[in-house]
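Trainee: Sequence first, then the predicted structure:
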Amino acid sequence: MTCVSFPDPPVATAAPVAAEGRLGRVLTLAGFAAFTGYVFLMDPDKGGAYPLCPSKVLFGIDCPACGGLRGTNALLHGRIGEALDHNLLLPLLLAAIAVGFGSWTLPPLLGRPAWHVRLPRWLTATLIVVVVAFTVARNLPGFDYLASEA
């Protein structure tokens with residue numbers, strides 16, 4: 001009788017991959033913290049090294065995120081009304097970033113399985129409609145209060 005043996009799967013490579021994944025998440029978290037600190041210290045209204053919005057430069061219209069950096073700076077300084085004046089969707093945008101980043105970063109750092117955030121289709125469709133309607137409305141005459149420029 002011939003005995004067939006299969007090699008054991010490599011166990012030693014699993015730990016370094018997990019450690020590399022954790023390191024990447026920690027470095028990404030540090031990068032977000034550094035960028036948030038930069039936005040706190042350097043007001044986008046007064047300069048700083050910030051990218052230009054492609055839709056504003058190419059087409060002269062506000063995208064759904066226009067005013068987000070200025071709004072985040074205002075929010076970090078406790079000026080909630082000013083933050084909402086720059087971009088009314090800012091709380092929704094920041095919440096989406098926090099949930100997405102948190103579900104990607106926290107479970108591996110805590111040694112738990114990754115979270116899979118799945119929105120119902122109706123909610124996804126509603127969010128898309130809200131973002132598109134907001135983008136169109138903020139660029140129409142008569143809705144200047146929705147524009148990113150104060």
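Mentor: All right, it came through fine. Everything numeric in this text was worked out from a predicted model, so none of it was measured.

Trainee: make it CA atoms for all contacts and neighbour counts henceforth
Mentor: Will do.

Trainee: Excluding sequence neighbours, find me the nearest residue to residue 50.
Mentor: Taking Cα to Cα, 6 or more residues apart in numbering, and ignoring the residues beside it in sequence, residue 50 has residue 44 as its nearest neighbour in space, at 7.2 Å.

Trainee: middle-most residue in this protein, spatially?
Mentor: By Cα atoms, centre = their mean, the mean C-alpha position of the chain lies nearest to residue 97, the distance being 3.2 Å.

Trainee: Distance check, that one against residue 103.
Mentor: As defined by Cα to Cα, to the nearest Å, residue 97 lies at a distance of 10 Å from residue 103.

Trainee: Could you do residue 142 as well?
Mentor: Counting by Cα to Cα, the gap from residue 142 to residue 103 is 39 Å.

Trainee: quick one, which of those two is more surrounded?
Mentor: When neighbours are counted by other Cα atoms under 10 Å, residue 103 comes out ahead of the other of residue 142 and residue 103, with 15 against 9.

Trainee: residues contacting the closest residue to that one other than its chain neighbours?
Mentor: Setting aside the residues directly before and after it, residue 103 is nearest to residue 115 in space (Cα to Cα, 6+ apart), at 5.4 Å. Contacts for residue 115 were tallied using Cα atoms under 8 Å, 6 or more residues apart in numbering; they are 103, 104, 107.
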